[in-house]
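Engineer: What follows is a protein structure lacking sequence information:
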């Protein structure tokens, strides 16, 4: 057992937890019984009580069961932006004894088609702005037989002077088509809620994390794995029942899902929810609702602190700001501390671990550091080739064993077997991240064993982007690498060999990509080349291109390739 970090362990905290035995839908029901009239969600000025949230969840759960035929273990797509309907949809799926499949809202049709087929989903709960992406999968012969369609603006019942995102300000669309049902019609129905029969070890949520095979992989979690990090984070960074949290991270992502929704629902505290990030709106909401806690990513903190008018807002209610996804630059952490007096707390985790495996101790954090291993988590560093354990300051692959580790990749037994190994009677997960720990047991990330680009916390897997770009009629070969970006940390660059007789432009390639993949995957830089470096066996040597890119960025201040913001 790795215990070097116990010297830095927060005073008064146990090394091991006994998490509650309730499932996620039970947590919502309990909070609604305890605090029926308390505000669960402030949505751009409209308060929504715990009792109302619970009733709406029951209505949707009854509809899913009685009309859509959803039962135990069935996978249901949740394709929405942050909204009261996302929370209701998430918990209604669970209350119907089913499994939530959260879909990245930037996904396009090919990505959605893959996830639908892979999970064998026939039911979806979607925002109306997603209909154009969903529509090809509905109707006669489509895999999605039942789709509940929500208009976020339905929950705006109070006039507001806040700047509303387009999807929130949009009027309710007329919903017509085979299998499509408007949210209002679902809420008007009155089907009985099925008995809750799932337990802690039943399937709960199936978020997708891309892999080096070029297609996203579902990471299967149980109510037990989800509940562990949800409860553990509350114990690690205590907050009260009267805490108020700004919800700005996307809830389809495990960090937002856990820290900005599931944790707060268990606790019964209040969510101040935004559908899209807007720094001025965020500052205004913090001031109006006396927000105490904010979970964010580095780019949000950078954006907020870059607002020349941020000092004009009263942010004094904040007591905790934390994040992950990308390392926080020391200069930004210092500016945040000067403005708020708060020490930014960083953590480290993956989709496969349902958020944290490591987190910095409150009051003893280190900058640009993933922190120390979480409750009941055995984390080590091993040689990625031999799996031999390494000592302090030696760079290797970070591996973890703990109650939060996922059950495995959905329908991918070979991929699952490849990322686990046994040691000391424990099942260790290979994170694919290269790092080291110091003498005090703090873990630092230095590189990635897996070929991945971290664009402002969104993971981009080059093989997936390449697989799609090879369908471009004017592309003969393509290699995706990372390039530095002042706002996102790093972003996507495509090195393209055009087909003979063609002359694509960077703009035309980017436009083609935007129609087929999420925006964060679209190459921000496109460079054309006559050929790509290859090994004797014919494999493209992406590392050669990456090294050349890194060298060029160290010596050149402006890129020669075409960059489109």
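Structural biologist: The structure has been received and is ready for your questions. Just so you know, these numbers come straight off a predicted model, no measurement behind them.

Engineer: contacting residues for residue 285?
Structural biologist: 42, 162, 246, 272, 274, 291 (C-beta atoms under 8 Å, 6 or more residues apart in numbering). The C-beta positions use only the backbone N, C-alpha and C, and glycine is treated the same way.

Engineer: For those, give me TSV that also has pLDDT and neighbour count.
Structural biologist: Output for those, formatted as TSV (pLDDT from 0 to 100; neighbours: other C-beta atoms under 10 Å):
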residue	pLDDT	neighbour count
42	98	21
162	97	16
246	98	25
272	98	23
274	98	22
291	97	23
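
Engineer: next one: stretch 365-382 to chain centre, how far?
Structural biologist: Distance of stretch 365-382 from its chain centroid, counting by C-alpha atoms, centre = their mean, to the nearest Å, is 20 Å.

Engineer: Which positions within that stretch qualify as buried?
Structural biologist: 365-366, 369-382 (16 or more other C-beta atoms under 10 Å).

Engineer: Looking at the contacts of residue 285, which are in strands?
Structural biologist: 42, 246, 272 (DSSP state E).

Engineer: beta partners for the first one?
Structural biologist: Yep, that's residue 42 we're talking about. residue 47, residue 272 (DSSP bridges).

Engineer: Assess the claim that it and residue 291 are in contact.
Structural biologist: No. In this structure, residue 42 is not within contact of residue 291 by C-beta atoms under 8 Å, at 9.6 Å.

Engineer: Mind listing the shared neighbours of those two?
Structural biologist: 272, 285.

Engineer: Pull the residues that contact stretch 321-337.
Structural biologist: 237, 255, 259, 293-302, 305, 340, 342-349, 355-356, 367-368, 445, 454, 456-458, 489.

Engineer: repeat that for 6 Å
Structural biologist: With contacts defined as C-beta atoms under 6 Å, 6 or more residues apart in numbering, stretch 321-337 is touched by 255, 294-298, 301-302, 305, 342, 344-347, 367-368, 454, 457, 489.

Engineer: Now do that stretch: distance from first to last residue.
Structural biologist: One end of stretch 321-337 to the other measures 10 Å (C-alpha to C-alpha, to the nearest Å).

Engineer: just stretch 285-295 next, same as before
Structural biologist: 14 Å.

Engineer: how distant is it from the center of its chain?
Structural biologist: The answer for stretch 285-295 is 21 Å, by C-alpha atoms, centre = their mean.

Engineer: and of the ones in strands among the contacts of residue 285, the nearest to residue 440?
Structural biologist: Set against residue 440, the nearest of these by C-beta to C-beta is residue 246 (31.7 Å).

Engineer: hey, what's that closest one bridged with?
Structural biologist: Per DSSP bridges, the residues bridged to residue 246 are residue 272, residue 294.

Engineer: May I see the buried residues of stretch 293-309?
Structural biologist: For stretch 293-309, by 16+ other C-beta under 10 Å, it's 293-305.

Engineer: Would you mind pulling the contact partners of that stretch?
Structural biologist: With C-beta under 6 Å, 6+ apart, stretch 293-309 has contacts from 239, 243, 245-246, 249, 259-260, 279, 320-323, 325-326, 328, 332, 335, 456-457.
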